[in-house]
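Q: Predicted model follows, preceded by the sequence.
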Amino acid sequence: MANEFYALMGRMRYITRWGLMRNTFSENIQEHSHQVAVLAHALALIRRDILKLEGPDPDRCAVAALYHDASEILTGDLPTPIKYYNPAIKDAYKQVERIAGERLLDLLPAALRDSYAQLLLEEDEAVRPIVKAADKLSAYIKCIEEQKAGNTEFDSAARQSMEAMKAMALPELDWFCEHCLVPFSLNLDQL
């Protein structure tokens, strides 16, 4: 039997994000997942090495972030205003994501399923907040980059993303925002 899992992972590059917004540059879920992995790794390292707080393994956070949107290979990217419109839709979409994750697990050899289950089904309670924070941070960075290109379409999304990050009350996220966020608004010559 052929194992289609890895071929499907390669198709992440065909799923575009921010479908309801006018973008100056498109972003797909493969690019997004890479950025979220880099950010999740950084947040976990900041938590452990700078803030000296207990937390999940940074490498585990990075790997979980690589797969955090894998279910969208089967579901597509549902825009946030729809996904979170009300609790019933949010809960229904969570069920759809879970079913898609389970379907992806079924495409793996049986010996690998347990290793991927926590990644695809987001079951690691210690890792989930870091990946969620990195996901919001990635969205905010996208907004900054769009605003830098003169696209005011992302002004509201930037405000909402920042409010969501503040509400998370994660010291590692606060530290990143204070020390690492401004350079994203700079151009290459300024960097």
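A: Cool, got the structure.
Q: So which residue is smack in the middle of this protein?
A: D135 (3.2 Å; Cα atoms, centre = their mean).
Q: Which helix or which strand is home to that residue?
A: helix 128-148 (DSSP states H and E).
Q: so what does the very next helix or strand once past that helix touch, helix or strand wise?
A: Using DSSP H and E, the helix or strand that directly follows helix 128-148 along the chain is helix 155-168. Where contact means 3 or more Cβ pairs under 8 Å, 6 or more residues apart in numbering; DSSP states H and E, helix 155-168 is packed against helix 128-148. Using the backbone N, CA and C atoms, a C-beta is placed for each residue, glycine as well.
Q: quick revisit: could you report the distance from the residue nearest to the centre of the chain to I144?
A: In this structure, D135 and I144 are 15 Å apart, going by Cβ to Cβ, to the nearest Å.
Q: if we can go back for a sec, I figured the residue nearest to the centre of the chain was touching A37, is that so?
A: No. Applying Cβ atoms under 8 Å, one finds D135 not in contact with A37, separated by 10.4 Å.
Q: Which residues are in contact with each of those two?
A: A65 (Cβ atoms under 8 Å, 6 or more residues apart in numbering).
Q: Give me the contact list for the lowest-mean-pLDDT helix or strand in the chain.
A: When each helix and strand of the chain is scored by mean pLDDT, DSSP states H and E, helix 80-83 comes last, with a mean of 77. By Cβ under 8 Å, 6+ apart, the residues outside helix 80-83 that reach it are 20, 89-90, 93.
Q: Just among those residues, which is most surrounded?
A: Y93 (17 neighbours; other Cβ atoms under 10 Å).
Q: Would you list the phi and psi of that residue?
A: phi -70, psi -40 (degrees, to the nearest 10).
Q: now, the most widely separated pair of the contacts of helix 80-83?
A: Within the contacts of helix 80-83, two members stand farthest from each other by Cβ to Cβ: L20 and K90, at 17.2 Å.
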